[in-house]
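Asks: sharing a sequence plus its predicted fold:
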Amino acid sequence: MSVSGGRFTHWWTGWRLALRVAARDARRARGRSILVLVMIALPVLAVTAADVVISTAEVNAAEGLDRRLGAADARVISQNAADVVEYQAPDPDDGLAYGGRRDGRRPTLEDVTDVLGGGRPAVSVRDGVRRVRTDAGVATAMAVETDLADPLTDGLARLTEGRWPRADDEVVVNQALLDRGSQLGGELELVTVGADDTRTIVGTAESTIFRDQPFVAAGPGALGLPQSGRDEWLLGGGPVSWSQVLDLNRLGLLVLSRAVVLDPPASTMADEYTGSDDAAAAVLALVVAMVLLEVVLLAGPAFAVGAKRQTRTLALMAASGGSPPQARRVVLGSAIVLGGLASLGGVGLGIGLGWALLPLAQRFSGEWFGPFQVPWLQLAGIASFGLVSALLAALVPAWIASRQDVVAVLGGRRGDRPPSRRSPLLGLLVLGAGVAGSAYGARADQNGEAVIAASAVVAVLGMIALVPVVVAAVARVAGRLPLPVRYAARDAARHRTRTVPAVAAVAATVAGVVALGIAVTSDEAENRGEYTASLPAGMGSVTATSGAPPDWAAMRRAAEAQVPDATVIDMRGVREGARGWTDLRFRHDDGAVRLSGWGSTMGSSILVGPAALPVALPDQPATTWQRAERVLADGGVLVFGAEPATGVDRLTVKAAVHPPRGRAERTSAVAPALVVPVTNGYAPFRAVLSDELAQELGLTVSPVGLLVDGDLAPADEERLSDAVGEVSARADVYVERGYQTPDETVIVQLVLAGLGALLMLGGTLTATFLALSDARPDLATLAAVGAGPRTRRAVAAAYALVVGLVGAVLGAAVGFVPGIAVTFPLTGRGWTDAGQAEGHYLDVPWLLVLGVVVALPLLTAAIVGLAARSRLPLASRLD
Amino acid sequence: MTRSTDVLQLTGVTRVHGEGATAVRALHSVSFIASAGELVAVMGPSGSGKSTLLTLAGGLDTPTEGTVAVEGRDLGSLRQAELARMRRTSIGYVFQDFNLIPALTAAENVAMPLELDGARTRKARDAARTALEEVGIGDLADRFPDQMSGGQQQRVAIARAVVGERRLILADEPTGALDTETGEEILRLLRARCDAGAAGVLVTHEARHAAWADRVVFLRDGVVVDETGSSPVDALLEPGLTR
């Protein structure tokens, strides 16, 4: 250390100067500093608040022990008279096993104290449930019987009002039970099979475990909780060791010892049960990577502008003997200062926010949270995330600052070197790797989604390296555009270190939104595509769940009364259920057995008569209907198959009627047949038989439901449902309305669009704000040559448009690749040998894509244009 | 009172910056006229109010008292948009540090006032090229400012100030950032524009530049302390330099 001591001093001196310059600069450029602080502090704050709430909500081992042990050292459970406890985990709830017979006497408290040594205070405790009468009826309350005034039970419940019970007819209840109609000082009625029993409520106490469930507590035996061969005691008098636990185990006792749980013995079987979730860790890593990337990209431009402002200082430093690392340090110094400040501030505010949010979070949880907890170790990690993101954001500007042309800067010429030729090439390679990864993921047999998600991050990184080239190209073609746009495009290209991260931030966001959008919409398309209508659209059915057949005639009258415009048709079929079942098999002349489907939409899988056609053929063309009608009229049968068997027109039908007990009755018949093709391998029924065939096979045909033929509106459905519900509680009404998009899909799309809008606004505003503050002299010049007040707005809007549009187009292009790729593992069933995807759905949400790529940049530009100050600054020379 | 040849007329112009105890009087009751074909030099030490006078003449600032009229229109009576229009069509600025927009080419910088005025891009570019040829750098039209020397940049600035038939050129130390020889070139250009019919106001602190002017107005502490007649101030000319 002594040798490197001098080196350290030297090293620290170098940083001290850099940090001092950075701190001064941060104070001077307040707007920019605040921008960086907010960018970094916001995610840190959000994650910190979430972490505080989650760790407070989580009940850790020690807190959990207080809730189960109170102030006691151990809880001993005697519940098995016959056996030895062969194994128990340190916490018996985690695992236990009985084995080896004992004398058969249930151990008592004396046995326990014999083993542990006398003089230990003990109190009996019993948990259970108790039914109590409330205003609305009868509720089940969590119950505990113990002496709550005993110091050992301190921590099982919290007295909020009144006093603990002293006599056997006194109880305490919690607020949740009071809310159901009881009163402090009033009576609580216990519902018992024989006669009801009442107790006086002498206090309000909250269980430390249950929050919103009714809770009642009273002295030992006072609630009459069933004994059920189990005794429990809370013991005090010092820690109970693992060897004492094992001794008690030999007596057939289970022990929850505070000392053992807090300091578990080295080798117990419980260790074998712990495992890690690799997939969850991978997803978490990807999310963290993406968030880090966004923060870096959003904060990057601010550091770039800071470095730009410092170019003269840095050049002067270089001229007076400063080395490139020293120049780098100045820029990195501002990252340390601002990143450190933002991280500390974010964590501090996050703890406060988490604390403020606790009451709200508690409302959503049925269990009491633990005491307020600040997980310092995790928070340190979150804070270093903020610092690291700031350092990463400053890395490129620092590097550029260190290699600027000193002579050019001091001579007043621009110091930016021409863009590197290598980085776009590297970008193309990385982007290619990302695309290849997506393609591989699309064809992978498993974990395809994870591979594609990872390669999406790779592709976005490659794209970022391409952004400078694209921005430069846009500037080159901007010559024909109107002045504000041309100015914005050229200026964006000149200040690449500021523009590129902002464009990249927008692009990364849009890539994510487009990829996820395609995935969600395609998934939705699959759901829609695989949806099989049970009935023609608008038609309704009335069926009954299993049990004795309801009065179908009464149901029919009820239905007809409610929907007079519709035609009510009786559905008949072979009943199934408690009285046995009927099996049908179909054999073709060639000897091949044809299996049909197993569906039973109408309460029976075998329907009889032409009335079943609407249910059997909801999606089929008219020709199939005509053929089906003909077959049924000829006394035939409709069966369902995966593909139309055109050659089949006669089948041998074998029926086996299985009674509840005894041998099946078998019959068979040859009949004209029609094989109806079904989509997605789902057949609505096993068969539709003609009356003649059913009779020939000796099957018992009875009503199984009603078909309500008419265009039923939701209001009709409601009335129908209420009317048939009155006839039978088991009646079930279904109206075919086609595929209904679940709310979640819509919400996910809205969230995607909203998130995209927010991040795009953030990225665009950053870049525009910084560009405008940079462009002050240019705007002053514009004013001097006669630009109107609107020109500044136009320039601001054009800036936002260039950043937003270039980012959005690039991002969408990159986002399509993983988006399309992920639809294969998501919706496809696999690949055929010929390389064709089976059952694959691809649906691009063009509205979302257009909205994000076109409408959003225009909207952002409009917002920026409207929000920008219209007053043009005076040229500095003329101030 | 106003003759048709009077392009710029300041009447009793006073400009006070700030209020109360911190009030600073930059100009006090200044009156002068610049006519078509005339180059007026405004001289004086630092803080004498030269630059304030130019910002008032260009309508970038408004006087506390008095009136500023350009081509007979009182700038104080115009709305912001009309003022901006005046700057696009009637007034041209030349700055000491050129104030070209680095993101735009020479031709685009020159075309800017016309484009801002709504001219078609092609027409504006053509006019800009002509203006650049007039100042002798027609071949540099597509260069960016940082690809040019200081003299070339100032020529572009002059071309921008005169493009589109503007009759008032306001030049604020236009040679300050240039070497002597280049500076003389620039002043010759300015003089030529005035001879062609424009009115010019040249703020300078170098006596020999005033030699290019028809008249010299001396300012000290915001007050006109001396005004040479319409006769050229030949006495200030250095030997060997003639226009």
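Replies: All right, it came through fine. Numbering: from 1, shown residues only, chains lettered A, B, ... in the order given.

Asks: at which residues are the helices of the stretch 451-600 of chain A located?
Replies: Under the criterion DSSP state H, counting those that start in this stretch, helices of the stretch 451-600 of chain A are mapped to A:483-494, A:496-529, A:552-562.

Asks: kindly apply the preceding question to chain B instead.
Replies: B:50-57, B:80-89, B:106-116, B:121-134, B:150-162, B:180-195, B:207-210 (DSSP state H).

Asks: next, count neighbours for the residue of chain B found nearest chain A.
Replies: Closest residue of chain B to chain A, C-beta to the nearest C-beta: B:Arg88 (3.0 Å). For the C-beta atoms, the positions are set from N, CA and C on the backbone; glycine is no exception. Residues within reach of B:Arg88, counting by other C-beta atoms under 10 Å in any protein chain shown, total 23.

Asks: before we move on, what about A:Gln326?
Replies: By the criterion of other C-beta under 10 Å, A:Gln326 has 17 neighbours.

Asks: following the helix or strand hosting it, which helix or strand shows up next?
Replies: Per DSSP states H and E: A:Gln326 is located in helix A:324-363. On the C-terminal side of helix A:324-363, the closest following helix or strand by DSSP H and E is helix A:376-402.

Asks: ok so A:Val123 is a helix residue?
Replies: No. Under DSSP: H, G, I helix; E, B strand; the rest coil, A:Val123 sits outside any helix and is assigned strand.

Asks: contacts only, for it.
Replies: A:72, A:146-147, A:150, A:152-153, A:233-234 (C-beta atoms under 8 Å, 6 or more residues apart in numbering or on different chains).

Asks: if we go to 7 Å?
Replies: Contact partners of A:Val123, counting by C-beta atoms under 7 Å, 6 or more residues apart in numbering or on different chains, are A:146-147, A:150, A:152-153, A:233-234.

Asks: cross the residues you listed against strands and list the overlap.
Replies: A:146, A:233-234 (DSSP state E).

Asks: indicate the residue of chain A located nearest to chain B.
Replies: Using C-beta to the nearest C-beta, the closest approach of chain A to chain B is made by A:Gly786 at 3.0 Å.

Asks: wait, isn't that residue in contact with B:Arg88?
Replies: Yes. In terms of C-beta atoms under 7 Å, A:Gly786 counts as a neighbour of B:Arg88; the distance is 3.0 Å.

Asks: in a markdown table, list the helices of chain B along with mean pLDDT.
Replies: Converted to a markdown table, those look like this (pLDDT from 0 to 100):
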| stretch | mean pLDDT |
| --- | --- |
| helix B:50-57 | 86 |
| helix B:80-89 | 82 |
| helix B:106-116 | 87 |
| helix B:121-134 | 88 |
| helix B:150-162 | 87 |
| helix B:180-195 | 87 |
| helix B:207-210 | 83 |
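
Asks: can you add distance to chain B and mean neighbour count and give the helices of the stretch 451-600 of chain A back as a markdown table?
Replies: Listed next are those as a markdown table, based on distance: least, C-beta to the nearest C-beta, whole Å; neighbours: other C-beta atoms under 10 Å in any protein chain shown:
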| stretch | distance to chain B | mean neighbour count |
| --- | --- | --- |
| helix A:483-494 | 4 | 24 |
| helix A:496-529 | 12 | 25 |
| helix A:552-562 | 70 | 18 |
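
Asks: can you put those in TSV and add distance to A:Val255 and mean pLDDT?
Replies: Shown next, in TSV, are these (distance: least, C-beta to C-beta, whole Å; pLDDT from 0 to 100):
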stretch	distance to A:Val255	mean pLDDT
helix A:483-494	71	88
helix A:496-529	51	84
helix A:552-562	61	84
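
Asks: just send the ones you listed back as a markdown table, with distance to B:Leu189 too.
Replies: Listed next are the helices of the stretch 451-600 of chain A as a markdown table, based on distance: least, C-beta to C-beta, whole Å:
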| stretch | distance to B:Leu189 |
| --- | --- |
| helix A:483-494 | 26 |
| helix A:496-529 | 36 |
| helix A:552-562 | 96 |
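
Asks: now for A:Gly786 and B:Arg88: what residues contact both?
Replies: Shared contacts of A:Gly786 and B:Arg88, defined by C-beta under 7 Å, 6+ apart, are found at B:113, B:116.

Asks: lovely, talk soon.
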